[in-house]
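Asks: need a 3D model of the following:
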Amino acid sequence: LKNQPAFRFRNPDNLTICVILFEHFLSTSMTRKLNLAVLISGRGSNLEALIKATTSPDFPANIKLVISNKPHAAGNGLARNADIPLQIINHKDYPDREEFDQRMSKALTENNIDLICLAGFMRILSKQFVDHWHGRLINIHPSLLPAYKGLNVHQRMIDDGVKIAGCTVHYVTPEMDEGPIIGQRSVPVRPEDTADTLAARILVEEHHLYPECIKKIANGEIKSQDLFARHNSSS
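Replies: Model (predicted):
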């Protein structure tokens with residue numbers, strides 16, 4: 001090889017392009033993608049949106065595990081069709097909430113999960129579970145928190161005559177829908193809206209918002225410790 005002529009770039013611009021491409025290769029290949037777990041109980045429309053987002057090579061996270069507490073939930077099929085590992089952990093098989101949560105924690109730990117995404121998961125989590133996964137547990141809620149926490153939010157908003165609705169991604173704390181807000185999207189409420197039509201339009205925005213927020217967390221644009229510090233200082 002030492003007798004071979006030295007390789008030279010005739011055009012300096014070609015060298016610049018190669019350097020840029022090599023640096024991009026290093027930055028992408030050396031950055032580990034975030035391991036996600038998605039917890040579902042129903043049709044899994046937000047799961048479907050996350051599956052679609054994570055199929056992009058540039059998306060900085062992969063769905064490593066789906067946990068469903070309902071054996072016949074429609075979302076189970078979405079995980080199977082996408083070849084994502086699915087564990088059905090039926091809450092009815094456990095004597096109390098703590099044992100059910102411990103079983104989920106075991107599955108999450110075994111799969112090296114970095115971030116847990118609640119997506120229509122209709123179970124209240126124990127304080128022990130939430131504390132154990134502090135800063136690694138997020139949820140999407142169909143209102144502009146802190147307004148309209150809890151259930152039946154679409155009808156409540158219509159009954160109250162609000163003009164702007166929306167959705168929120170937030171970190172989960174032991175108190176329901178109280179955690180630091182990661183991101184929000186707004187949706188106008190139309191005079192002819194019913195709870196169903198409003199829910200459908202908000203859901204469209206949820207499917208955009210959830211992947212956006214996960215991407216920001218994975219890229220380090222959002223840091224849980226910073227949001228919790230601001231949240232705790234203002235509460």
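
Asks: show me where this structure has its strands.
Replies: 34-40, 61-68, 86-88, 115-118, 137-141, 164-171, 181-188 (DSSP state E).

Asks: give me the below-cutoff pLDDT ranges for this protein.
Replies: Applying pLDDT under 70 to the chain flags residues 1-30.

Asks: hang on, the earlier thing: now the strands of the chain as JSON lines including distance to residue 52 and mean neighbour count?
Replies: The way it works is simple: take the backbone N, C-alpha and C, and place the C-beta from them, glycine included. JSON lines is the format used below for these (distance: least, C-beta to C-beta, whole Å; neighbours: other C-beta atoms under 10 Å):
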{"stretch": "strand 34-40", "distance to residue 52": "13", "mean neighbour count": "24"}
{"stretch": "strand 61-68", "distance to residue 52": "11", "mean neighbour count": "22"}
{"stretch": "strand 86-88", "distance to residue 52": "17", "mean neighbour count": "17"}
{"stretch": "strand 115-118", "distance to residue 52": "14", "mean neighbour count": "22"}
{"stretch": "strand 137-141", "distance to residue 52": "15", "mean neighbour count": "24"}
{"stretch": "strand 164-171", "distance to residue 52": "17", "mean neighbour count": "23"}
{"stretch": "strand 181-188", "distance to residue 52": "17", "mean neighbour count": "17"}
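
Asks: got those as JSON lines, with distance to residue 101 columns?
Replies: Below are those laid out as JSON lines (distance: least, C-beta to C-beta, whole Å):
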{"stretch": "strand 34-40", "distance to residue 101": "11"}
{"stretch": "strand 61-68", "distance to residue 101": "11"}
{"stretch": "strand 86-88", "distance to residue 101": "14"}
{"stretch": "strand 115-118", "distance to residue 101": "12"}
{"stretch": "strand 137-141", "distance to residue 101": "11"}
{"stretch": "strand 164-171", "distance to residue 101": "17"}
{"stretch": "strand 181-188", "distance to residue 101": "23"}
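
Asks: so which of the ones you listed is nearest residue 212?
Replies: Residue 212 lies closest to strand 181-188 among those, at 6.3 Å (C-beta to C-beta).
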